[in-house]
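Peer 1: let's see this in three dimensions:
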Amino acid sequence: MLKKALSALAIATLALSAQAADVVLKVAASSVPHAEILNFVKPQLKAEGIDLQVREFSDYIQPNAAVEDKQLDANYFQHQPYLDSYNKDRKSSIVAVPNGKVHIEPFGAYSKRIKAVSELKEGALIAIPNDPSNTGRALLLLQSQGLIELKDPKNITATPIDIVKNPRNLKFRQLEAALLPRALDDVDLSLINTNYAIEAKLNPSKDALFLESGDSHYANFIAARKDRANNASIQKLVKALHTPEVKKFIQDKYKGAIIPAF
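Peer 2: Coordinates of the predicted model:
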């Protein structure tokens with residue numbers, strides 16, 4: 001009888017331990033600001049029984065590949081035009097999590113050689129991202145400054161061959177987004193994603209010659225495999241990211257370089 005009682009007690013103890021164990025949620029992110037924002041909400045999720053594990057990446061390929069391969073549960077680093085391009089090129093099916101938008105990073109132009117757009121000389125060399133969605137984004141920003149004109153002025157996937165007017169005969173060098181800050185010594189102007197600008201100790205609100213206006217089309221969001229997009233733990237993550245405390249954290253820490261999208 002005692003043996004049976006002890007066995008029942010052991011089973012009950014194991015059941016309680018299983019209930020008490022945190023659900024592990026593995027999320028890929030760029031270091032700045034994505035991982036910083038995720039780490040900010042870790043304590044809240046911990047209190048809800050979720051162990052948020054943030055894996056940092058320095059490129060734009062591996063975060064999606066790791067989610068697609070089921071190594072990680074979700075990621076937070078990209079906007080919709082980039083994800084659309086990635087899915088098309090790699091035949092993957094990653095999706096934006098419903099209501100998962102977190103912030104907008106206004107794209108900016110930086111230089112060590114000039115202090116104003118008017119100083120750009122004939123034949124100046126411009127560095128832009130080489131991934132399709134951000135190439136178009138960079139060209140649209142240059143167009144907004146009157147430096148070039150595109151065949152379709154609203155084409156978010158435009159490339160240099162779509163330029164129909166280039167009065168200053170600007171030259172373009174397409175580089176991996178993470179390398180754009182390093183190119184500043186070698187080019188006249190570099191158009192840099194805000195997360196990489198911040199990592200390079202550039203202050204977008206002070207150092208950029210010009211910035212795009214906030215556009216929700218480029219909001220960064222939580223993404224996951226289609227079969228996981230409505231997962232309860234991922235939805236709790238989204239809810240934790242959409243609080244007044246997170247909004248204040250973004251506003252206070254990034255001082256306008258990052259804009260809340262909720």
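Peer 1: going forward, measure contacts and count neighbours with C-alpha atoms only.
Peer 2: Fine.
Peer 1: in the stretch 51-200 of the chain, where is pLDDT below threshold?
Peer 2: Residue ranges of the stretch 51-200 of the chain with pLDDT under 70: none are present.
Peer 1: where exactly do the helices run in it?
Peer 2: For the stretch 51-200 of the chain, the helices defined by DSSP state H, counting those that start in this stretch occupy 62-68, 80-90, 132-144, 194-199.
Peer 1: which one of the ones you listed is the most hemmed in?
Peer 2: For the helices of the stretch 51-200 of the chain, the largest average neighbour count (mean count of other C-alpha atoms under 10 Å) is found in helix 132-144, namely a mean of 22.
Peer 1: what's in contact with it?
Peer 2: For helix 132-144, the surrounding residues in contact (C-alpha atoms under 8 Å, 6 or more residues apart in numbering) are 81-82, 85, 107, 128-129, 148-150, 153-160, 174, 191, 211-212.
Peer 1: what distance separates that helix from the centre of its chain?
Peer 2: Computed by C-alpha atoms, centre = their mean, to the nearest Å, the separation of helix 132-144 from the middle of its chain amounts to 16 Å.
Peer 1: for Asp22, which of the helices of the stretch 51-200 of the chain is the nearest?
Peer 2: Taking C-alpha to C-alpha, helix 62-68 is the member of the helices of the stretch 51-200 of the chain nearest to Asp22, at 20.6 Å.
Peer 1: Gln251 contacts Ala261, doesn't it?
Peer 2: No: checked against C-alpha atoms under 8 Å, the pair Gln251 and Ala261 is beyond contact range at 11.3 Å.
Peer 1: which one of these two has more residues nearby?
Peer 2: Ala261 (19 against 15; other C-alpha atoms under 10 Å).
Peer 1: for the nearest residue to that one once chain neighbours are set aside, grab the count of nearby residues.
Peer 2: In this structure, Ala261 finds its nearest non-sequential neighbour in His103, 4.4 Å apart by C-alpha to C-alpha, 6 or more residues apart in numbering. His103 has 24 neighbouring residues, counting by other C-alpha under 10 Å.
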